[in-house]
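Enquirer: quick one: sequence and predicted model below, then my questions.
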Amino acid sequence: MTARTFVCRCEDVTLTEIERAIAAGLSDVEEIKRYTGLGTGPCQGKECLSALGRLLVARNLIAPAALRPFTARPPVEPVTFGALAAGATDHPEDPSP
Amino acid sequence: MTVAMGRADTPLPADVDVAVIGGGIMGLGLAYHLALLSGGKGKQPLSVAVIERSYLVSGASGRNGGGVRMQWGDAGNVRLMMDSIELCKDLAQQLGINLWFRQGGYLFLARTEAGERRLERNVQLHGEVGAPTRLLTAAEAQAIVPQLDVAEVRLATFNPEDGVVFPWAFVWGYAAKAVERGVVLRTHTSVVRVEPLAQGFALHLHTGEVVRARRVVNATGAWSGALNHQLGIDLPNRPHRHEILSSEPLKPFLDPLVVDLSSGLYFSQSTRGELVTGISLPDAPDGSDESLTLHSSLRFLTHLSATLTRLMPITAAMKVLRQWVGPYDVSPDGDAIVGPSPGHPDFIQVCGFTGHGFMMAPAVGRLLARWLALGEAHPMLARWSPGRFAAGGVARREDMIIG
Ligand SMILES: Cc1cc2nc3c(=O)[nH]c(=O)nc-3n(C[C@H](O)[C@H](O)[C@H](O)COP(=O)(O)OP(=O)(O)OC[C@H]3O[C@@H](n4cnc5c(N)ncnc54)[C@H](O)[C@@H]3O)c2cc1C
C-alpha cells in the first residue's frame, strides 16, 4: 500500500494520516475519528470503520473483544430538513420577546 | 516529529505545581498558556499535569458549534471576545495546525420589538468599546444572506470580525503544543477523589495512582459538581443538554453565522462545507433535559427543521447528516465561575461557561495563566469569582446567551 491509500473516502483520510495519529499516541476509534475526521462524512463510517478496527487490532493496540464502533449518529441515512419539518408536532413558535 | 499526546500510559510525576483536571479546551488552553509563560527569564518552570477521564475532545469542547463572536450585551464580554478573536488570528501559526478559523461575521436577526431594542443597545455599546458591529435593515440582512426569508425580520446586526472555527483541531493544537513545552498529559484516566493536604491536594486516580499538587484546577465543566461536592464546595452551575446537528457538505454559500433571537436558532457553514445548526429547545415535559445524558432526540430534529425551513426556505431540500449532544455547564447569572473556591483557595474553578466557553477559551487561558504564574489581576476574574454566590450573587448582566 502507498502513502496515498485512502481509508475514509468521504473525508479523504489516508493511511498515512492514521499512522500519524497512532504515532501521536492515539489508539481508540473515537479519538482517531476526531483527530483525522475519519467516519464523519456522508457514509458515517460504514466503509472505513472496519478498516480502522482491523488496523488497530493488527498493531496490538486493542484486543478484538474490546473493539467497539464509534457512537452511531442519527439519522441512519441523510434526511432532508423539509421532511423533518413536516414531522414537527409543535409549530415553530411565533416570535416571543 | 509528531509529539505523543494524550496517552493512557503517560508517566505522571508524584508531585506537580499545578494539576489540571479535565482535558477540554479550558484545561488545555490554560496548560498551553502556563507552559508559554513559566520558565521564562531564568525562572523555575511550573510543572503542569493535565488529567482527562476519557479521550481529548470527548466533552463539550468536541461537541460545540465553533461559533466565535464579539456581539455580546455586556461590555466586559465584548472586550474579552475582542481579545479572544485577536488571539485567534495568528493562533493557527502558533499551534502549527489548521484551525479552520473563518471570519464570515455573525448576523443577528430580531423579529420582535424587544429583540430590536437589544440589538440597538448592542450597537451603541459596541461602538463605545470599539467593536465594528453595525445595524442593518431586513433588506440589508438579505443582501448578506440572499436565501433568508426576511418578511418577519424587523432589524439585524452584523459584525464582520465574528466567525467560526473547527473545534477538534483547536483542542488538538493546544494539546500538542502544551506537551511539546513540557506539560504532562494523561488521558483515559479519571480523578476519583480529591484529598486536601496541609499544602495542596492529593488526587486519587482510578488506576490507584496518586498525584500531589500544590494547586488544582477544576476544568471539568458540566461534570465539575461531583469533584466540588467532595470538598464541600457548593456552587450553582448545573449541566444542561444541548443538541446540535450538521448537514451534508455543500459548496460555500453562507458567509456569516446567523442567529434568530426569537427562537434561539443559529446556523453557519463550516469550512468543511456542512451547515452546523442548533436551537433553544423547550425542556422535555419529563425534565430529562436537565442531565448529562447524551442521547439525540427526534424532537430536536423536527423542531429545528420547522424553524430553519421557515427562515431559510432553501434548506428544505438539504439533508441532515448527523446529530449529537453535548453538555452546557450553565451558570445561573450567565457569568463564568473562575478562580479560588470558597474554603479551598488552591482549588481553582474554570467552569460555568454555558454555551460560549469555546470562543472565550483563548482569552481565558491567557488571563488565568497570567494570574496563576505571575499573580496578574484581570477585571473579569473579580467578576467571575466563585465566592459571589455566597455573598448573595449578582444580577444577570448578559442577555445574549444563545441556545
Ligand atoms: C452543542 C453545543 C454547542 C456549543 N456551541 C458553542 C459555540 O458555538 N461557541 C462557543 O464558544 N461555545 C459553544 N459551546 C460551549 C462550549 O463547548 C463549552 O463552553 C466549552 O467547550 C467548555 O470547555 P471545558 O473545557 O470547560 O469543558 P469540556 O470540554 O466538557 O471538558 C471537561 C472535561 O473534563 C473531563 N472530566 C470530567 N470529570 C473528570 C474527572 N473526574 N477526572 C478527569 N477528567 C474529567 C471530561 O471528560 C471532559 O473532557 C457549545 C456547547 C455545546 C454542548
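Expert: Great, that's in hand.
Enquirer: which stretches in chain A count as helices?
Expert: The residue ranges that make up the helices of chain A, judged by DSSP state H, are A:15-23, A:29-36, A:49-58, A:81-86.
Enquirer: mind listing what's buried in the last one?
Expert: Meaning helix A:81-86. Buried residues in helix A:81-86, counting neighbours by 16 or more other C-beta atoms under 10 Å in any protein chain shown, are found at A:81, A:82, A:83, A:84, A:85. Yep, even glycine has a C-beta here, placed from its N, CA and C like the rest.
Enquirer: can I get these in JSON lines with pLDDT and distance to residue B:175?
Expert: Output for the buried residues of helix A:81-86, formatted as JSON lines (pLDDT from 0 to 100; distance: C-beta to C-beta, whole Å):
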{"residue": "A:81", "pLDDT": "98", "distance to residue B:175": "35"}
{"residue": "A:82", "pLDDT": "98", "distance to residue B:175": "40"}
{"residue": "A:83", "pLDDT": "97", "distance to residue B:175": "40"}
{"residue": "A:84", "pLDDT": "97", "distance to residue B:175": "36"}
{"residue": "A:85", "pLDDT": "97", "distance to residue B:175": "39"}
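Enquirer: now, which of the residues you listed lie close to chain B?
Expert: When the buried residues of helix A:81-86 are filtered against chain B using C-beta under 8 Å from any C-beta of the partner chain, the residues retained are A:81, A:82, A:84, A:85.
Enquirer: report how many residues lie close to residue B:253.
Expert: Other residues lying near residue B:253 total 12 when counted by other C-beta atoms under 10 Å in any protein chain shown.
Enquirer: list the contacts of the closest residue to it other than its chain neighbours.
Expert: Using C-beta to C-beta, 6 or more residues apart in numbering or on different chains and skipping residues adjacent in sequence, the residue nearest residue B:253 is residue B:269, 6.8 Å away. Counting by C-beta atoms under 8 Å, 6 or more residues apart in numbering or on different chains, residue B:269 touches B:104, B:250, B:252, B:253, B:254, B:255, B:275, B:276.
Enquirer: and residue B:20, by the same measure?
Expert: Residue B:20 is in contact with B:27, B:30, B:31, B:48, B:49, B:50, B:51, B:216, B:217, B:219, counting by C-beta under 8 Å, 6+ apart.
Enquirer: pairing partners for the one helix or strand residue B:245 maps to, with directions?
Expert: In this assignment (DSSP states H and E), residue B:245 forms part of strand B:238-247. For strand B:238-247, the paired strands and their directions (DSSP bridges) are strand B:275-278 (antiparallel), strand B:319-330 (antiparallel).
Enquirer: tell me which parts of the stretch 101-250 of chain B are close to chain A?
Expert: The stretch 101-250 of chain B comes close to chain A at residues B:111, B:112, B:114, B:115, B:152, B:168, B:172, B:176, B:187, B:247, B:248, B:249, as judged by C-beta under 8 Å from any C-beta.
Enquirer: of all those residues, which comes closest to the ligand?
Expert: When these are compared for distance to the ligand, the smallest value, 9.0 Å, is given by residue B:187; criterion: C-beta to the nearest ligand atom.
Enquirer: right, and that closest one touches residue B:24 too?
Expert: No. If you go by C-beta atoms under 8 Å, residue B:187 and residue B:24 don't touch, sitting 11.8 Å apart.
Enquirer: which helix or strand lies directly C-terminal to the strand holding residue B:245?
Expert: Downstream of strand B:238-247, the next assigned helix or strand under DSSP H and E is strand B:257-260.
Enquirer: that following strand near chain A at all?
Expert: No. Counting by C-beta under 8 Å from any C-beta, chain A has no neighbours in strand B:257-260; the shortest distance is 8.9 Å.
Enquirer: contacting residues for the most centrally placed residue in chain A?
Expert: Compute the mean C-alpha point of chain A, and by C-alpha atoms, centre = their mean the closest residue is residue A:39, 2.4 Å away. Residue A:39 is in contact with A:8, A:10, A:11, A:29, A:33, A:45, A:48, A:49, A:52, A:70, counting by C-beta under 8 Å, 6+ apart.
Enquirer: out of those, who's near chain B?
Expert: Checking the contacts of residue A:39 against chain B by C-beta under 8 Å from any C-beta, not one of them is in range.
Enquirer: out of those, which one sits closest to residue B:229?
Expert: residue A:70 (31.3 Å; C-beta to C-beta).
Enquirer: that closest one touches residue A:46, doesn't it?
Expert: No. Residue A:70 is not in contact with residue A:46 according to C-beta under 8 Å; the separation is 11.5 Å.
Enquirer: more neighbours: those two, which one.
Expert: Using other C-beta under 10 Å, the more surrounded residue of residue A:70 and residue A:46 is residue A:70, with 19 against 13.
Enquirer: quick one: pLDDT of the more buried one?
Expert: In this prediction, residue A:70 carries a pLDDT score of 87.
Enquirer: for residue B:393, same thing?
Expert: Reported pLDDT at residue B:393 in the predicted model: 73.
Enquirer: SS state for the nearest residue to it once chain neighbours are set aside?
Expert: For residue B:393, the nearest residue in space outside its immediate sequence neighbours is residue B:333; the separation is 6.1 Å by C-beta to C-beta, 6+ apart. When classified by DSSP: H, G, I helix; E, B strand; the rest coil, residue B:333 comes out as coil.
Enquirer: state the distance from residue B:333 to chain A.
Expert: Look at residue B:333 and chain A: by C-beta to the nearest C-beta, to the nearest Å, they are 20 Å apart.
Enquirer: residue B:279 now?
Expert: In this structure, residue B:279 lies at 10 Å from chain A, with C-beta to the nearest C-beta as the measure.
Enquirer: list the contacts for that residue?
Expert: The contact partners of residue B:279, taken as C-beta under 8 Å, 6+ apart, are B:263, B:264, B:265, B:266, B:300, B:303, B:304, B:307, B:308, B:403.
Enquirer: quick check, the fourth one in a strand?
Expert: Right, residue B:266. Yes. When classified by three-state DSSP, residue B:266 is found to be part of a strand.
Enquirer: list the contacts of the closest residue to it other than its chain neighbours.
Expert: By the measure of C-beta to C-beta, 6+ apart, the closest residue to residue B:266 outside its immediate chain neighbours is residue B:259, 4.6 Å from it. By C-beta under 8 Å, 6+ apart, the contact list for residue B:259 reads B:106, B:107, B:108, B:109, B:265, B:266, B:402.
Enquirer: which residues of the chain score low on pLDDT?
Expert: If you meant another chain, say so; for now it's chain A. Scanning chain A with the threshold set as pLDDT under 70 gives A:1-3, A:90-97.
Enquirer: that answer is for a different chain, and I need it for chain B
Expert: In the predicted model, chain B carries pLDDT under 70 at residues B:1-4, B:40-42, B:286-290.
Enquirer: domain parsing for it?
Expert: Here chain B is described, according to automatic domain parsing, as comprising the domains B:15-62+B:168-237+B:333-389, B:102-161+B:238-330.
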